[in-house]
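Trainee: Fold the following.
(one chain, ligands or ions: 1)
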Amino acid sequence: MNLTIIGTGFVGVVSSGVFASFGNIVYGLDIDQKKVDMLTRAEIPFYEPGLEQLVKEGVAKKTLTFTTDYTKAIPSSDVIMIAVGTPSAMDGQADLTYVFAAAKSLAPHLKDGAIVAVKSTVPPGTCDKVAQVIRDNGGTKPFHVVSLPEFLKEGSAVEDTLHPDRIIIGATDAMVIEKLKELHKPLGAPVVVMKPESAQMCKYTSNAYLATRITFINQIANLCEANGANIQEVIAGIGLDKRIGKHYWYPGLGYGGSCFPKDVKELAAYAKAIGQENNLMVTVSTLNEERMVSLLSTFEQQVGGWKGKTVAVLGLSFKPNTNDMREAPSTKAVPALLAAGAVVHSYDPMTNEEAARYFGSQKLSNFSNYHMATSVDEALKGAHVALVLVEWPQLITLEPSHIKELMVPNAIFIDCRDQYDRAEIEKVGLKYIGIGL
Ligand SMILES: NC(=O)c1ccc[n+]([C@@H]2O[C@H](COP(=O)([O-])OP(=O)(O)OC[C@H]3O[C@@H](n4cnc5c(N)ncnc54)[C@H](O)[C@@H]3O)[C@@H](O)[C@H]2O)c1
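Mentor: Next up, the predicted model:
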């Protein structure tokens, strides 16, 4: 099939590469000329394992072309996927500006019977609004608008897209459903067909459930800290109950990234807008927002104040295997530490460039106390406190004796991901602080 995927962000580039690898002719379309130029040279504007190779192959075989030109891509496309960003608006609800802008731009160029599939995470009712925007902007030929939510995870996005747990098609027209099933056939995944509104709720519900699981275990971790229980032992115990399972338990700093915080916030704002002030999502969102602040304050007491302390902040992305810093714990921790008078030495295996850009643009107080290290050793050298924020493999396999050698005497090791063994760390003479332990 001929496809256009609008928006060459994490979702758009991965989907473009995967569909091109199945022999479809794919345009990846973006309004960002710089991104399109990079992708045309098969350079990926962000870090995602396996993606460069996929894009390289598509570009070389000419099944994958990147462009900024709607008039070039849309007229030949059987399926157009909208995969632009949907940030939260000021009131917390989804800001659909980019989705509608894409719909407006594609409208006059649609071919007869084209399928416009909304891949961006959007609230129920958006397909009708997109259809209206298309009609209002020169979409005169028959077309279809459907929901095709995306479930990939950054850090394993290529793998997730090649081997999805399921494909959800939110559509009602039999011909459209058949065409979309055909497009996804090479993936060999179960396909679930439903109303567009249900498909959109599936996406929000998946993220809201996972975010709630993280918030739930953090709440239990708080209780463990007060009563001498160990959250990791509790997880091992509850995980064997088949109704609960041992996967996806992450006591820590709360959920971050480009999706969970905004999607939960959007559901919470929606619940409030329809008079459900007590909806669980409202509480989950608030608890998550408060978590980092309260943990930093607890750590501050445990280390005897941040002022004058050198803190090695290890891990700046929102999770391992990505350089995405959207809603990463570092974006809250680094400013707070600097404001409290600490000297911050940060290190991340992949995110230093983004971090330099991000923190450089934030007008942070005491910014002269911020230093970007180019190795974990450099970050730890002379530090009073180590703060492990992300479980990058390189950051969770450090030798305790090596850490001890680099840091000042009586240093404190704060393991926000519960990755190190307390006894091993304490054996070398460091003080250990974990989560829920
Ligand atoms: N990132 C994820 O892990 C993930 C996973 C599942 C779903 N989603 C959802 O998918 C959507 C896209 O997320 P993302 O992380 O890929 O976004 P992103 O911010 O990385 O990329 C969005 C891209 O859209 C482009 N764009 C904006 N307006 C445009 C227009 N009018 N025409 C063409 N291009 C335009 C931007 O320039 C940008 O390159 C969001 O709704 C998100 O919630 C994201």
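Trainee: burial count for the residue of the chain found nearest the ligand?
Mentor: For the chain, the residue positioned closest to the ligand under C-beta to the nearest ligand atom is Gly9, at a distance of 1.9 Å. For the C-beta atoms, the positions are set from N, CA and C on the backbone; glycine is no exception. Neighbourhood size, Gly9 [other C-beta atoms under 10 Å]: 18.
Trainee: ditto for Ile274
Mentor: Neighbouring residues of Ile274 were enumerated by other C-beta under 10 Å; the total is 8.
Trainee: mind listing the strands in the chain by residue range?
Mentor: For the chain, the strands defined by DSSP state E occupy 2-6, 25-29, 64-67, 79-82, 114-118, 143-147, 167-170, 191-194, 310-314, 343-347, 370-372, 385-388, 412-415, 431-433.
Trainee: which parts of this structure sit against the ligand?
Mentor: The chain has residues 6-12, 29-32, 35, 83-86, 98, 101-102, 105, 120-121, 150, 152, 154, 258-259 near the ligand, with proximity defined as C-beta under 6 Å from any ligand atom.
Trainee: and Lys111, how far is that from Glu182?
Mentor: According to C-beta to C-beta, to the nearest Å, Lys111 and Glu182 sit 17 Å apart.
Trainee: can you list the domains in this protein?
Mentor: With automatic domain parsing as the criterion, the domains of the chain are listed as 2-194, 260-433.
Trainee: how close does Asn288 sit to Gln53?
Mentor: 35 Å.
Trainee: between those two, which one's more packed in?
Mentor: Shown here are Asn288 and Gln53; by other C-beta under 10 Å, Asn288 has more neighbours (23 against 14).
Trainee: Spit out the contact partners of the nearest residue to that one once chain neighbours are set aside.
Mentor: Spatially, and ignoring its direct neighbours in sequence, Asn288 is nearest to Gly254 (4.5 Å; C-beta to C-beta, 6 or more residues apart in numbering). Neighbour list for Gly254: 214-215, 218, 287-288, 291-292, 329 [criterion: C-beta atoms under 8 Å, 6 or more residues apart in numbering].
Trainee: With adjacent residues omitted, what lies nearest to Leu183?
Mentor: Met1 (5.9 Å).
Trainee: so that neighbour sits right up against Tyr27, yeah?
Mentor: No: with contacts counted by C-beta atoms under 8 Å, Met1 stays clear of Tyr27, the gap being 11.8 Å.
Trainee: The two: who's more crowded?
Mentor: Regarding Met1 and Tyr27, a neighbour count based on other C-beta under 10 Å identifies Tyr27 as having more, with 23 against 16.
Trainee: and that one, how far is that from Ser346?
Mentor: Tyr27 sits 39 Å away from Ser346 when distances are taken as C-beta to C-beta.
Trainee: and Ala117, what pLDDT?
Mentor: Among the per-residue scores, Ala117 holds a pLDDT of 98.
Trainee: Over to Gly17?
Mentor: Reported pLDDT for Gly17: 98.
Trainee: Then the one 5 residues further on?
Mentor: According to the model's per-residue confidence, Phe22 sits at a pLDDT of 97.
Trainee: what about the longest helix in this protein?
Mentor: Scanning the chain for the longest helix, with DSSP state H as the assignment, gives helix 196-227.
Trainee: Please find the angle between the direction vectors of that one and strand 143-147.
Mentor: Counting by axes from the mean of the first three to the mean of the last three C-alpha atoms, to 10 degrees, helix 196-227 lies at 20 degrees to strand 143-147.
Trainee: so what does helix 196-227 touch, helix or strand wise?
Mentor: In this structure, helix 196-227 makes packing contacts with strand 143-147, strand 167-170, helix 231-239, helix 260-273, helix 280-303, judged by 3 or more C-beta pairs under 8 Å, 6 or more residues apart in numbering; DSSP states H and E.
Trainee: Take those and lay them out in a markdown table including mean pLDDT.
Mentor: Formatted as a markdown table, the entries for those read as follows, by pLDDT from 0 to 100:
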| stretch | mean pLDDT |
| --- | --- |
| strand 143-147 | 98 |
| strand 167-170 | 98 |
| helix 231-239 | 98 |
| helix 260-273 | 96 |
| helix 280-303 | 97 |
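Trainee: now those as a markdown table including distance to Ala131?
Mentor: Written out in a markdown table, the entries for the helices and strands packed on helix 196-227 read as follows (distance: least, C-beta to C-beta, whole Å):
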| stretch | distance to Ala131 |
| --- | --- |
| strand 143-147 | 5 |
| strand 167-170 | 13 |
| helix 231-239 | 45 |
| helix 260-273 | 21 |
| helix 280-303 | 28 |
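Trainee: Please name whichever of those is nearest to Ala339.
Mentor: Of all the helices and strands packed on helix 196-227, helix 280-303 sits nearest to Ala339, with 10.4 Å by C-beta to C-beta.
Trainee: What lies in contact with the closest one?
Mentor: 208, 211-212, 214-215, 218-219, 253-255, 261, 264-265, 267-268, 271-272, 306, 309, 329, 332-333, 336-337, 340, 384-385, 387, 412, 414, 416, 433, 435.
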